[in-house]
Structure formats: structure tokens, C-alpha cells
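sequence unknown, structure follows:
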């Protein structure tokens, strides 16, 4: 059962990759309108959790439950989870040679709206969202992410987010590979998407993204578990002191 106020909730999630457990029992409840951030060092399980929740076949959820807007998503395939309203912006977006950005976006939108959906507004919507994200119109005919820079790939991810308008967005290190200008543009796109009706879960190493997209809740993940929770001030402290102080705090508690 989910909490009455939750939009997205997962409980006691365990994730394995090639029979090795990489996430060890994490739980979180996200209410409509909330932005949460998961922070942690490399190898802590942050991206593994995001990929597993989205249904990536290399990540197996061995235990736990996940519910989006009252629906159990763990019984769904990845594409079904997407149509149910879950979105994942990848840390390393894949290139798809032979498929243009425009055709990819049109196919994705049509899949979400249904086979008989009216797509007459696609071109207008597509051009408006590209302009808002400072994506040159020439990208419409280029193959998806083929030869794109890291920043260009991330803008295309947020373009897809803006087009699909999911209920819940998982943004996996969307700030990686971005210069200052691209970071601001991508952050503006995320903030334009965000509303009281949807939720965002940011996965990041650094405070810099959180200077523009401001979470109400911050969770520290280490060794596959959430080890600390707090508000925006926690992210600022991590930026100042790094993750060593959290590890030291945990070690001191273990000795008591």
C-alpha cells in the first residue's frame, strides 16, 4: 500500500547486477510537486537504482515494491512504465544512427498518446521546445545523439522530458558534461517542466545543479543504502566537506 499523498513510492528496493547486490533496501516517498535529490560518491548505487526503477534489463530488482500514481510498476516492462508516466534521463544517452531527433520524438509522443492521437500540433510543440532549450533547428534532422557533444545529448534528454510531460522524472546525473551555459539552459528546462502535479528525483554528485533546480529533500546514498536525509542545507554541507564526513559519522555510530 502507498501513502495517500504519494505520487511515487518505492519500498525496500534491492537491486542486483550479475548476481551482485548493488542496492540494499532503499525506500522513498515523493509527493506531487516535490523535488528530491540523491547524492553520493561514485559506485554508491545511485544510477543503478534509477535504471532498475525504469526497467533496464541489466538491473534486477530482487526485492521490494514501487508504485507510481497508485499503480505497481514492477510488473510492467520498461515501455509500459514510460507510458504509465515514469521517465528516465540517462547519464549516458545512447546514439541511434538512422533515426532523426524529430522522428524519434514524434514516435515517442505518439506511443504515449495512443495510436489514434491527433499529432497535428507536433511540429509547433517540437519547434517551441527546441527554441526554449536553445537547440538549433538543424538538430531535428540529425540522427539521435549521433556525434552530439555531452551537453547536446543532455539538452535532447530534457527536450524529450518537455515533450512527453511524464508524471515522475528520474534525472540521472543530468548535469554531467555540461558547461555553465548549458547547465543553466537545461536547468531552466527542468524547472519549466516541474509543476504541482509531477515529481522529480535528481541524481547528482554535486551542488551546482541544485543551485538552479532546488530540491526540498536531499538523500545521501553510500554502499547501496540511504545513510542520511535532510533538506537543501545537506547538499551545501556536502559541497563544503565532501562525503568523507558522512563516512566518518557512520563509522563513529558503528563503534558506539
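Noted; the coordinates are in hand. These numbers were taken from a predicted model, which means no experiment stands behind them.

Give me the helix or strand of the protein that scores worst on average pLDDT.
Using mean pLDDT, DSSP states H and E, helix 244-255 stands out as the lowest-scoring helix or strand of the chain, at a mean of 84.

Sort out which residues of that one are buried, please.
Neighbour-count burial for helix 244-255, with 16 or more other CB atoms under 10 Å as criterion, is recorded at 246, 250. For the C-beta atoms, the positions are set from N, CA and C on the backbone; glycine is no exception.

Not counting it itself, show me its contacts.
If you take CB atoms under 8 Å, 6 or more residues apart in numbering as the criterion, helix 244-255 is touched by 220, 222, 227-228, 237-238.

hmm, which of those are the buried ones?
220, 222, 227-228, 237-238.

Is it possible to get a markdown table of those that adds pLDDT, distance to residue 134 and secondary structure?
Output for those, formatted as a markdown table (pLDDT from 0 to 100; distance: CB to CB, whole Å; DSSP: H, G, I helix; E, B strand; the rest coil):
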| residue | pLDDT | distance to residue 134 | secondary structure |
| --- | --- | --- | --- |
| 220 | 96 | 33 | strand |
| 222 | 94 | 36 | strand |
| 227 | 96 | 38 | strand |
| 228 | 95 | 36 | strand |
| 237 | 92 | 33 | helix |
| 238 | 92 | 30 | helix |
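
Let me know the closest of the contacts of helix 244-255 to residue 150.
residue 238 (23.3 Å; CB to CB).

residue contacts, that closest one?
39, 207, 220, 246.

And residue 12, by the same measure?
25-27, 63-65.

With secondary structure, pLDDT and neighbour count as added columns, please give those residues in JSON lines.
Output for those, formatted as JSON lines (DSSP: H, G, I helix; E, B strand; the rest coil; pLDDT from 0 to 100; neighbours: other CB atoms under 10 Å):
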{"residue": "25", "secondary structure": "strand", "pLDDT": "97", "neighbour count": "15"}
{"residue": "26", "secondary structure": "strand", "pLDDT": "98", "neighbour count": "20"}
{"residue": "27", "secondary structure": "strand", "pLDDT": "98", "neighbour count": "12"}
{"residue": "63", "secondary structure": "strand", "pLDDT": "97", "neighbour count": "14"}
{"residue": "64", "secondary structure": "strand", "pLDDT": "97", "neighbour count": "18"}
{"residue": "65", "secondary structure": "strand", "pLDDT": "97", "neighbour count": "16"}
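
Out of the residues you listed, which is nearest to residue 14?
For the contacts of residue 12, the nearest to residue 14 is residue 63 (4.1 Å; CB to CB).

the helices in the stretch 101-250 of the chain, which residues?
101-113, 122-132, 150-164, 180-193, 232-241, 244-255 (DSSP state H, counting those that start in this stretch).

Highest average neighbour count across these: which stretch is it?
helix 150-164 (a mean of 21; mean count of other CB atoms under 10 Å).

Check the offset of it from the chain's centre.
Remark: helix 150-164 is offset 12 Å from the chain centroid, using CA atoms, centre = their mean, to the nearest Å.
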